[in-house]
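> Using only what follows, build the 3D model:
(chains A, B, C and D)
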Protein chains: 2
Amino acid sequence: MDQPHRIVAELIKIAEHADAFRHGSEDFYGPLNLTEVHCIHWIGILDHANVTKVSNEMGMTRGAISKICKKLLQKQLIESYQEPENNKNIYFRVADGGKDIFEAHKVTHNQKFGEKINIVKKYDADEQAVILRFLMDINGLVESSLEKIYATPSDVD
Amino acid sequence: MDQPHRIVAELIKIAEHADAFRHGSEDFYGPLNLTEVHCIHWIGILDHANVTKVSNEMGMTRGAISKICKKLLQKQLIESYQEPENNKNIYFRVADGGKDIFEAHKVTHNQKFGEKINIVKKYDADEQAVILRFLMDINGLVESSLEKIYATPSDVD
DNA sequence: TCCTTTTTGTTGACAAGGAAACAATCGTGC
DNA sequence: GCACGATTGTTTCCTTGTCAACAAAAAGGA
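Sure thing, here's the model as predicted:
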């Protein structure tokens, strides 16, 4: 296998293990799964987090997030509140019972992020420039694929 | 955002769109979804394909593949056969009704693969070497995460 | 041979998440 | 003010896939 093929093979390998790459072995919080932990994460990060905002951040439907938040509310890991000027929107914040999870997740998340940064820093500036250019090229390809998926039939030739 | 952070951001972006990266906008075969098409793919590729082999290739459980093959059999896109010396194992091959799908998928798959190779070939040998080394570093990190996941006792309740 | 362990494929119960329909509320235009 | 489209959150139905239990056959081992 020549170098270009090996590179593509490595890329495919990363994509195959995308979940592991994004989240590593982070997160074993007893009965909570990864999605629920990330939901807590975004509720803790966002100002005035609501179902719609969290669903956008997590790339999931409002229906899915609504169900998850319902569970987290029942477990008292988050709590909801409203503002007097708006009687429709429902906001969430991390409740006392969920603070430990939020903090623990933040620690492991930052640690995982640091590991990735450390790998990158082993390369000098010129090498990093090559890597960055390459990754942007690859993402360009991915984005053009996404456009095709979301394009209306009339746009496709 | 400095260069290392931009690189990690691009990597995360690839991981977020891992499905699009792996399969692009390939595959709109009417009532068949991507998984079913890939199942046909592997049944066509593998010699004496059976539920176990296909499940290994696709990283899914035997139960899932068994159900998919059941559907594909009903639609007469694949057909099953056995060998006289073994009365337990059930093998599959692509049936006439599935040959078009298999071939069409092969074409788009090869095209997608070619696009990736072409991106890589825009870089000279030295640059490719840097890229390959970097990707292998990243995959090393991913693999160590996987080991941790599978080494963790899941006796949490 | 006979008995045990492994492998293979199937099934049912279950959970996660999407799609779409829905009600309630908001906000803008008039 | 009022009407109407847009947003928001929820729920129901459906699909997908995992897990665990299972039966049948195979593969070894004494």
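> quick one: low-confidence parts of chain A?
Chain A contains residues with pLDDT under 70 at A:25-28, A:146-157.
> residues in it within reach of DNA strand C, list them.
Counting by C-beta under 7 Å from any atom of the strand, chain A comes close to DNA strand C at A:33, A:35, A:59-64, A:67-68, A:86-89. To be clear about C-beta, it is placed using only N, CA and C from the backbone, and glycine gets the same treatment.
> Show me which of those are buried.
Among the residues of chain A next to DNA strand C, those scoring as buried are A:I68 (criterion: 16 or more other C-beta atoms under 10 Å in any protein chain shown).
> Any chance of TSV for the residues of chain A next to DNA strand C, columns secondary structure and distance to A:H5?
Listed next are the residues of chain A next to DNA strand C as TSV, based on DSSP: H, G, I helix; E, B strand; the rest coil; distance: C-beta to C-beta, whole Å:
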residue	secondary structure	distance to A:H5
A:N33	coil	37
A:T35	helix	35
A:G59	coil	31
A:M60	coil	35
A:T61	coil	38
A:R62	helix	42
A:G63	helix	42
A:A64	helix	38
A:K67	helix	43
A:I68	helix	41
A:N86	strand	56
A:N87	strand	60
A:K88	strand	55
A:N89	strand	52
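> which among the residues of chain A next to DNA strand C gets closest to DNA strand D?
When the residues of chain A next to DNA strand C are ranked by distance to DNA strand D (C-beta to the nearest atom of the strand), A:G63 comes first, at 2.7 Å.
> List the residues that contact that closest one.
With contact set as C-beta atoms under 8 Å, 6 or more residues apart in numbering or on different chains, A:G63 has no partners.
> ok, now with 10 Å
Going by C-beta atoms under 10 Å, 6 or more residues apart in numbering or on different chains, A:G63 touches A:V51, A:S55.
> Compute the distance between it and A:V142, please.
Distance, A:G63 to A:V142, by C-beta to C-beta, to the nearest Å: 26 Å.
> do the same with A:M136
11 Å.
> the more surrounded of the two?
In terms of neighbours (other C-beta atoms under 10 Å in any protein chain shown), A:V142 is the more surrounded of A:M136 and A:V142; the figures are 20 against 13.
> What's the separation between the more buried one and A:T61?
22 Å.
> Check A:K71 too.
16 Å.
> Ok, A:L72 next?
A:L72 is 17 Å from A:T61, where distance means C-beta to C-beta.
> Grab the most central residue of chain A for me.
A:M58 (5.6 Å; C-alpha atoms, centre = their mean).
> Surely that one and A:A49 touch.
No. A:M58 is not in contact with A:A49 according to C-beta atoms under 10 Å; the separation is 11.1 Å.
> Between the two, which contacts overlap?
Common contact partners of A:M58 and A:A49 (C-beta under 10 Å, 6+ apart): A:C39, A:W42, A:I65.
> which parts of chain A sit against DNA strand D?
For chain A, the residues in contact with DNA strand D (C-beta under 7 Å from any atom of the strand) are A:50-52, A:62-63, A:66-67, A:69-70, A:88-91.
> so which two of those residues are the farthest from each other?
A:K67 and A:K88 (19.1 Å; C-beta to C-beta).
> how about the residue nearest to the centre of chain A, what does it touch?
A:T35, A:H38, A:C39, A:H41, A:W42, A:A64, A:I65, A:I68.
> Could you list which of those also contact chain B?
With C-beta under 10 Å from any C-beta of the partner chain as the criterion, the contacts of A:M58 include none near chain B.
> So which of those residues is the closest to chain B?
Of all the contacts of A:M58, the one sitting nearest chain B is A:H38; the distance, using C-beta to the nearest C-beta, is 12.6 Å.
> and that closest one, that's in a strand?
No. According to DSSP: H, G, I helix; E, B strand; the rest coil, A:H38 belongs to no strand; its state is helix.
> measure it to B:I40 for me?
Counting by C-beta to C-beta, the gap from A:H38 to B:I40 is 34 Å.
> For the two, indicate the residue with more neighbours.
Set A:H38 next to B:I40 and count neighbours by other C-beta under 10 Å: B:I40 wins out with 27 against 21.
> Tell me how far the more buried one lies from chain A.
20 Å (C-beta to the nearest C-beta, to the nearest Å).
> if I look at that residue, how far off is B:E83?
Noted for B:I40: a distance of 21 Å to B:E83, by C-beta to C-beta.
> Over to A:A125?
Distance from A:A125 to B:E83, by C-beta to C-beta: 60 Å.
> again with A:I138
Relative to B:E83, A:I138 is positioned 44 Å away (C-beta to C-beta).
> Please say which of these two ends up with more neighbours.
Using other C-beta under 10 Å as the criterion, A:I138 and B:E83 rank with A:I138 on top: 22 against 10.
> how about the helix or strand hosting that one: buried residues?
Per DSSP states H and E, A:I138 falls inside helix A:125-150. Neighbour counts over helix A:125-150 (16+ other C-beta under 10 Å) mark A:127-128, A:130-132, A:134-135, A:137-139, A:141-142, A:145-146 as buried.
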